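A.B. asks: Turn this into a structure:
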Amino acid sequence: MRERKLKHTRTTAATIAVLILLSMIFVMTPIQVVVAAESEIIVATGNISDYIWSSDGTRVAYVVRPDGQSWGELWVGDWNGYEVTNLQLLYSEIEAGGLEDWQGDWILLRIRHENDDPEEYYGRGELWKIRDNGTELTQITFTYTNGIKSTENGYYYFRGSAGWGRFIPGTDLVYFSAHDGNGWWKAYTCNADGSDQWKRISGSTFSFTIGMSPTGNKLVWGTSSYWDEPTTLLSSNIDGTETITMKEFSYKTSPLVLADGDTVLYNSPDGNIGAIQMDGTDDQMVIDDEYSNYLVSYNPVDGQSFLMRSTRSSDGNNHIFSVDVDGTSIVQLTAGPYNEDSAMYSPDGYNLLYRRLPIDSEGASYELVIIPIGKQIEDLPSASISMLLIDESSSNNTINATITIGFYSNGNSIGIGFHQELLNISAESGYVQPVGLGYDEMREYSIFTTIHGNVTVNTLSSDVVSHRHYAAWTESKWFGTWNGPISEQNISEVILCANIIKYENLKVYFEDGSSFVCGPQFITLAAIFTRTGELWNTSINIHTSDSEGISIDNNVVTISIRYPEYVSPIFFIATITMVAVVAVVAGVLYLKSRLTKPEYHDEYVTYY
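C.D. replies: Okay, here's the model as predicted:
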């Protein structure tokens, strides 16, 4: 009874403390955001052709190709969640585009050295594996000598014919594609220990495209009458049995199997994306719009989402988006003056490794980048608060800015924080288009109280500050925070937690370079979570330093703003021309008056 009373007293005291925080204007020493979702780590720059995560997500590997060469150097580094360290050159003769897979401590690759034809066969154009410490380089495929490659022709002299390859999870096999020396590709398996024992999986059909279930339960390939002809997708068990024709296409396409092991995605030449089940059922278009969209990779965790490259962002560049398998919840993950061509999630799904190329920069090199993707913990409470900015002269001119406060994981531990959703902006013709939001200052205050007392002092940064004197929050860019770590024990013993975001001089930035301060000097948004037993209660508090032009309804604060009106270039030029003409006429009249006016000189004037 006494413990319950003490717990109630602490909850009440903490709640009062939150309310006091909301009513105050703070002057505190600024500190930096603990972890920002917009942060990025540039791993390497140069002619980067390949990159991959280790299967446990603690290391990364990439290939840097010397100028003019078709081979490169394989580098490996450690990833601790914040930076890549201990970079080491693992192997110096890997084929560009030949970093295939990484399972356990083995990396699957294709070796290559010189650009021209070798004078003798030494394993070039074959699949090999090497330990991630640089030892035990082992040849895996033997297409040049075991009968798979039956013809020496042109470019393929004195080399193997192996191409795409993957370790098959849960087995001691490798799934790969290879051709007969004339470019007629088929799908095979072989032992992963270097003892060969190859087996043709595609039978009498060809495999000009190929894929595999990440779970290792199914093999997939695409056959056609010629390499650029329409594809027919097929699948089979690992041993090649129970072959199923999934779909016959009217165009060439390639498969991407999601982590559920059953859903197969495919590209269409018009930029759309479709999905079909491994047994050939439930064929449907997932993405069908006017943008250029292309499959990139799958989400290794949820099995129901994937990554695509798309031009749908406001800048028209190729950026990476996360998409649910039903085509909903399209979230832009990358942004900026770059074109990104491919990306892959870390095995835990909390980080994104991708390659980008700066645009409008002559001679720019590729950048290999890692960005964190904070994920909301769905079993813990959250609250969304919207700031609806409406033009006072037209209700069709709006900006919807929503933040979600809750618990997030950075891949290693849980923290409390917020996530800005991408802005939803609308503007009528005749008005200047908003670009995004910025602010003089944003402060975040986190409170976390357990049955033993407030843990903010020991664990969390109670005051986090940032400054954005530009359009930092846009239709394609967002910001978020993670404040922690919070231990599982503290989570189990929490009675109250809160996150408070206070904006000072929130501003709308417009494409003509102008900006507009949104109403009150201070806008405070807060979510308070209390728990009694296993039951969570959520309350939202919105406070503004001025009430003029402000209305608050539950979790939405509506603020009156003003869009600048668009000035027609023709009207602008006409106005400038008219001013210039008036100035010229005035100048002529002035000069004329000076020429006809008597001159007076100081030497003839007497001053009294």
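
A.B. asks: Okay, helices next: where are they in the protein?
C.D. replies: 2-23, 456-459, 488-493, 569-595 (DSSP state H).

A.B. asks: List the buried residues for stretch 541-549?
C.D. replies: Buried residues in stretch 541-549, defined by neighbour count with 16 or more other C-beta atoms under 10 Å: N541, I542, H543, T544, G549. (Glycine included, C-beta is placed from N, CA and C.)

A.B. asks: lowest average confidence, helix or strand, in the protein?
C.D. replies: Taking mean pLDDT, DSSP states H and E as the measure, the helix or strand of the chain with the lowest value is strand 35-36, at a mean of 36.

A.B. asks: I'd like to know how many residues surround D196.
C.D. replies: Using other C-beta atoms under 10 Å, D196 has 15 other residues around it.

A.B. asks: One more: P118?
C.D. replies: As a burial measure, P118 scores 15 neighbours (other C-beta under 10 Å).

A.B. asks: how far away is it from I287?
C.D. replies: Taken as C-beta to C-beta, to the nearest Å, the spacing of P118 relative to I287 amounts to 44 Å.

A.B. asks: got it, and R443?
C.D. replies: Using C-beta to C-beta, which is the criterion applied here, R443 is 39 Å from I287.

A.B. asks: Kindly report the same for S236.
C.D. replies: For S236, the distance to I287 equals 28 Å [C-beta to C-beta].

A.B. asks: Look at those two and report which has more neighbours.
C.D. replies: Counting neighbours by other C-beta under 10 Å for S236 and for I287 shows that I287 has the greater number, 23 against 19.

A.B. asks: and the more buried one, bridged to which residues?
C.D. replies: The partner list for I287 in beta bridges (DSSP bridges) reads I273.

A.B. asks: Number the chain from 825, please
C.D. replies: Sounds good: first residue 825 from here, last item I1111.

A.B. asks: Was I right to think it contacts F1130?
C.D. replies: No. Using C-beta atoms under 8 Å, I1111 is not in contact with F1130; the gap is 10.1 Å.

A.B. asks: list residues touching both of the two?
C.D. replies: The overlap between the contact sets of I1111 and F1130 (C-beta atoms under 8 Å, 6 or more residues apart in numbering) consists of V1147.

A.B. asks: residues of stretch 1064-1073 that come out buried?
C.D. replies: For stretch 1064-1073, a neighbour-count test (16+ other C-beta under 10 Å) marks G1064, M1070, K1071, F1073 as buried.

A.B. asks: longest strand in this protein, by residue count?
C.D. replies: strand 908-927 (DSSP state E).

A.B. asks: L1320: which of the buried residues of stretch 1064-1073 is nearest?
C.D. replies: When those are ranked by distance to L1320 (C-beta to C-beta), M1070 comes first, at 53.2 Å.

A.B. asks: Check that closest one and give its pLDDT.
C.D. replies: M1070 carries a pLDDT score of 96 in this model.

A.B. asks: now swap in E976 and tell me
C.D. replies: Per-residue confidence for E976 comes out at a pLDDT of 83.

A.B. asks: ok, now G1308?
C.D. replies: G1308 carries a pLDDT score of 74 in this model.

A.B. asks: Domain parsing of the protein, as residue ranges.
C.D. replies: The chain is divided into the following domains under automatic domain parsing: 826-860+1201-1385, 887-1122, 1123-1197, 1397-1428.

A.B. asks: Export those domains to TSV and append columns for distance to W877.
C.D. replies: Listed next are those as TSV, based on distance: least, C-beta to C-beta, whole Å:
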stretch	distance to W877
domain 826-860+1201-1385	12
domain 887-1122	7
domain 1123-1197	5
domain 1397-1428	56
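
A.B. asks: Out of the ones you listed, flag the one nearest I866.
C.D. replies: When those are ranked by proximity to I866, the top entry is domain 1123-1197, at 5.4 Å, counting by C-beta to C-beta.

A.B. asks: next one: that closest one to chain centre, how far?
C.D. replies: Here domain 1123-1197 is found 4 Å from its chain centre; the criterion is C-alpha atoms, centre = their mean, to the nearest Å.

A.B. asks: now do the same end-to-end measure for it.
C.D. replies: For domain 1123-1197, the separation between the terminal residues is 12 Å (C-alpha to C-alpha, to the nearest Å).

A.B. asks: where do the strands sit along the stretch 1125-1274 of the chain?
C.D. replies: 1129-1134, 1143-1148, 1155-1156, 1162-1169, 1175-1182, 1190-1196, 1199-1200, 1206-1215, 1218-1233, 1238-1244, 1248-1250, 1258-1274 (DSSP state E, counting those that start in this stretch).

A.B. asks: before we move on, what about the stretch 1275-1424 of the chain?
C.D. replies: For the stretch 1275-1424 of the chain, applying DSSP E, counting those that start in this stretch gives strands covering 1277-1278, 1288-1298, 1305-1310, 1318-1334, 1339-1341, 1346-1356, 1359-1368, 1374-1377, 1380-1385.

A.B. asks: Of the ones you listed, which shows the lowest average pLDDT?
C.D. replies: Among the strands of the stretch 1275-1424 of the chain, strand 1277-1278 scores lowest, at a mean of 72.

A.B. asks: Given that strand, what are its sheet partners and their directions?
C.D. replies: According to DSSP bridges, strand 1277-1278 forms sheet pairs with strand 1258-1274 (antiparallel).

A.B. asks: residues contacting W988?
C.D. replies: W988 sits next to E924, F1000, S1001, I1034 when contact means C-beta under 8 Å, 6+ apart.

A.B. asks: which of those residues has the most neighbours?
C.D. replies: Among the contacts of W988, F1000 has the most neighbours (other C-beta under 10 Å), with 28 neighbours.

A.B. asks: residue ranges with poor pLDDT in the stretch 925-1074 of the chain?
C.D. replies: Across the stretch 925-1074 of the chain, the ranges flagged by pLDDT under 70 are 937-939, 978-979.

A.B. asks: What are the boundaries of the strands in it?
C.D. replies: Shown for the stretch 925-1074 of the chain, the strands assigned by DSSP E, counting those that start in this stretch span residues 930-935, 951-955, 962-963, 986-991, 997-1003, 1009-1015, 1023-1024, 1033-1036, 1043-1047, 1056-1060, 1068-1072.

A.B. asks: Redo those as a markdown table? Include distance to G1239.
C.D. replies: Rendered in a markdown table, the data for the strands of the stretch 925-1074 of the chain read as follows (distance: least, C-beta to C-beta, whole Å):
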| stretch | distance to G1239 |
| --- | --- |
| strand 930-935 | 33 |
| strand 951-955 | 36 |
| strand 962-963 | 43 |
| strand 986-991 | 35 |
| strand 997-1003 | 40 |
| strand 1009-1015 | 44 |
| strand 1023-1024 | 49 |
| strand 1033-1036 | 36 |
| strand 1043-1047 | 39 |
| strand 1056-1060 | 42 |
| strand 1068-1072 | 43 |
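
A.B. asks: of all those strands, which lies closest to I1227?
C.D. replies: If you check each of the strands of the stretch 925-1074 of the chain against I1227 by C-beta to C-beta, strand 1033-1036 wins as the nearest, at 38.8 Å.

A.B. asks: Which neighbours in the sheet does the closest one have, and how are they oriented?
C.D. replies: According to DSSP bridges, the neighbouring strands of strand 1033-1036, each with its direction, are strand 1043-1047 (antiparallel).

A.B. asks: ok, now how distant is the residue most central in space within the chain from I1195?
C.D. replies: Here the mean C-alpha position of the chain is nearest to the C-alpha of L1157 (C-alpha atoms, centre = their mean), at a distance of 2.3 Å. Between L1157 and I1195 the distance, using C-beta to C-beta, works out to 7 Å.

A.B. asks: How about V1259?
C.D. replies: Applying C-beta to C-beta, the value for V1259 to I1195 is 22 Å.
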